[in-house]
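Peer 1: Got a sequence here, can you model it:
(one chain, ligands or ions: 1)
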Amino acid sequence: MDMKIGNTLPGGYCNSLTEYSRWHTREVTIGSVPMGGSNPIRIQSMTTVDTMDTIGSVEQTIRMVEAGCEYVRITAPSVKEAHNLAEIKKELRKRGYTVPLVADIHFTPNAAEVAARIVEKVRINPGNYADKKKFDQLSYTQIAYQAELERIYTKFAPLVKICKEYGTAMRIGTNHGSLSDRIMSHYGDTPEGMVESALEFIRICEDLHYYNLVISMKSSNPQVMVRAYRLLVEKMVAEGMNYPLHLGVTEAGDGEDGRIKSAVGIGTLLEDGLGDTVRVSLTEEPEFEAPVAIALVNRYKTRQAAAYDQESSSLGQYPYSPAPTAHVSTEVNTFIGGSLVPRVVVDISGKNLKDPAILTDVGYKYDILLDKYHMGEQSVDFVYLADKLPSFAMPGNLKQLYDYRIWVGINDKTNIHPVYTLAEFVEANLRDTQINLVRICRADLSTSRFEALPLDSTIVFVLETNELHGMADQRLFFSLLAELGLENPVIIRRQYPVEEFTGPQNDLMNPEEPVSKLQLYAATDMGGLLIDGMGDGIWIDAPSIPVDKLVSASFAILQATRSRISKTEYISCPSCGRTLFDLQETTQMIRSRTNHLKGLKIGIMGCIVNGPGEMADADYGYVGAGPGKVTLYRGKEVVKRNVSSTNALDELIEIICGDGRWVNPE
Ligand code: SF4
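Peer 2: As a prediction, this is how the structure comes out:
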């Protein structure tokens, strides 16, 4: 090894938990586009057409490059496709495109050894490079484990030597869903297992004096993914390594859910200065992925360190805990906090408050005939009306929030609660007996006004920030609050001014701007806290975004952080050259009949080779088994093999019904 960088980082797994700076990794050569070191965070994606379709692959690669991809990955399932990478590369160079190509390898060392002589980088999955996953050996003695490592060394060393000789880079890309039996036997499918899976292969590379490595720790569960990357950094630093990180949430799905899941995972790590390249993985055309990755990464171009005069020794105490306990709160009158799921607050003060139909946007559908409201899984808990009074009766279970000075004057305060500034609450003559929301920011904690705050169990803090590095600022607040021994619930509020969502830079995000940018920002800012167990509620304040979009984004963030489940979760692969059916169409078809099954996780995977492993913790799986054929899974167990795709969805629903997990849609 040519460097040692010490054995701990000041922030544990990053440079600092409060000040923004990128973790400095070693520079890796990947064709003409180096990664790591002081290079920008690179953008990349993967083709979906058959690798044997040379022109199709070339044209899709060009579309991806035009969309902003700096590396393009292409699957090489066998030696035949690996050889065809030479044709694709030749045609691209002929057309003037020098983009580095990456071969994606699973199970086939011989394909990797061919590809490594052709393309600029090879991605291998340590879970299946030298192993066939059989789920049949569940315990290994130390001797058997060691023998396995020696077998892997023998199988893997030839590829390393080729990469060294040809100057080819390598990504050691661990996936949560496809860990080897050996790793599973010792660690289970845990972040620890994911990290060790990569370290085994890194150590072999280092033993052979090969360091042109990039590492990834992907999972479709952002919480697992974030913990695995953090742990990886900590372990790498302890072993004197600083390889660049490739960030991604695998099988994130499509549309809003796919974007929000990706942002929760990727954005959380970017906030901590981790990540040298990003691949957003959507079940959509691959050229739609780069703009999302660019929007995530661009936020850090101007991010600067901000030093605070407050410190907290307990900050970051639980970065890898399986049961986050970063913020313990006490329940306030069954409204919020304690073991209750995080609440959703939305501002409707700008709506037409003469029309009860406006509440449809916040999940309360008004039935004129019955003169009542219908609620759903995504009905918000609190609406903020500022100083505007509606001229219709609100639903009985919807709590209304008013500015304190207005609330004071309202006679019937049933379901009506005040929002104070800190100064107002300290000086207030009248306080609510049930719940008092007090706006606060981190710096307030060290003021005399905060010292004068009459603390009681009805207070819920509405945590705001004006800091550019806002997630870290709010994280510090939670830590300081814990040090003060305060268990009041906290609603995370983030404000996104109108100007942030207008202007030419938003063209990047077409066709869905400005909503998708809001999804990415809010998912990063709030997801980064919720994923660590901080936050009893969220309040996205973005006046330029329609209210129904704010509601939908709020619930999607809670779902992605697994803190409040309100809908079906789809773990769908982005598709690649192995895909056996139209993933976008199939996902939509499955969604149209199952999207009312709250809490169920359905995996939709394009191929039987990787699909079953990659769908990780899905409850049911719909996996391409051959042309026109689908294999159906319950967890990891095959229930029906090679079903015709014409009736595969009906059969899947039958299985769900048989398990007693089906409910009829309303
Ligand atoms: S699961 Fe999907 S993305 Fe992964 S290899 Fe199979 S078809 Fe390709």
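Peer 1: Buried ones in the helix or strand hosting residue 384, by neighbour count?
Peer 2: Using DSSP states H and E, residue 384 sits in strand 382-386. Across strand 382-386, burial judged by 16 or more other C-beta atoms under 10 Å covers 382-385. (Glycine included, C-beta is placed from N, CA and C.)
Peer 1: Give me the contact list for the next helix or strand after it.
Peer 2: Reading on from strand 382-386 to the C-terminus, the next helix or strand found by DSSP H and E is strand 399-403. The contact list for strand 399-403, computed with C-beta atoms under 8 Å, 6 or more residues apart in numbering, reads 335, 345, 381-387, 394, 410, 415-419, 437.
Peer 1: which one of the buried residues of strand 382-386 sits closest to residue 146?
Peer 2: residue 382 (57.6 Å; C-beta to C-beta).
Peer 1: Pretty sure residue 342 is one of the things the closest one touches, is it not?
Peer 2: No: Residue 382 lies out of contact with residue 342 (C-beta atoms under 8 Å); the separation is 11.6 Å.
Peer 1: shared neighbours of these two, which are they?
Peer 2: By C-beta under 8 Å, 6+ apart, the residues touching both residue 382 and residue 342 are residue 537.
Peer 1: Count the residues that sit near residue 105.
Peer 2: Using other C-beta atoms under 10 Å, residue 105 has 28 other residues around it.
Peer 1: what does residue 331 give?
Peer 2: 15.
Peer 1: just the strands in the stretch 551-666 of the chain please.
Peer 2: 569-572, 601-605, 620-626, 629-634, 637-644 (DSSP state E, counting those that start in this stretch).
Peer 1: who wins for proximity to the ligand among those?
Peer 2: strand 601-605 (4.4 Å; C-beta to the nearest ligand atom).
Peer 1: for the strands of the stretch 551-666 of the chain, which one sits closest to residue 143?
Peer 2: With C-beta to C-beta, the closest approach to residue 143 among these belongs to strand 637-644: 31.3 Å.
Peer 1: Would you mind listing the buried residues in that closest one?
Peer 2: Quick answer for strand 637-644 (16+ other C-beta under 10 Å): 639-640, 643.
Peer 1: For residue 123, what is the enclosing helix or strand?
Peer 2: strand 121-124.
Peer 1: Give the other helices and strands that that strand contacts.
Peer 2: Judged by 3 or more C-beta pairs under 8 Å, 6 or more residues apart in numbering; DSSP states H and E, the packing partners of strand 121-124 are strand 101-105, helix 109-115, helix 142-166, strand 169-175.
Peer 1: Go ahead and confirm residue 92 touches residue 86.
Peer 2: No: using C-beta under 8 Å as the test, residue 92 is too far from residue 86 to be in contact (10.9 Å).
Peer 1: Compare those two (neighbour count), which wins?
Peer 2: Just comparing residue 92 and residue 86: by other C-beta under 10 Å the higher neighbour count belongs to residue 92, 21 against 15.
Peer 1: The residue in the stretch 1-150 of the chain that the ligand sits nearest to: neighbouring residues, count only.
Peer 2: Here the stretch 1-150 of the chain gets closest to the ligand at one residue, residue 75, 6.2 Å apart by C-beta to the nearest ligand atom. Residues lying near residue 75 (other C-beta under 10 Å) number 30.
Peer 1: which phi and psi does it have?
Peer 2: Main-chain torsions, residue 75, degrees, to the nearest 10: phi -70, psi 140.
Peer 1: What's the per-residue pLDDT of it here?
Peer 2: Looking at residue 75, its pLDDT stands at 95.
Peer 1: Over to residue 180?
Peer 2: pLDDT, read off for residue 180, is 85.
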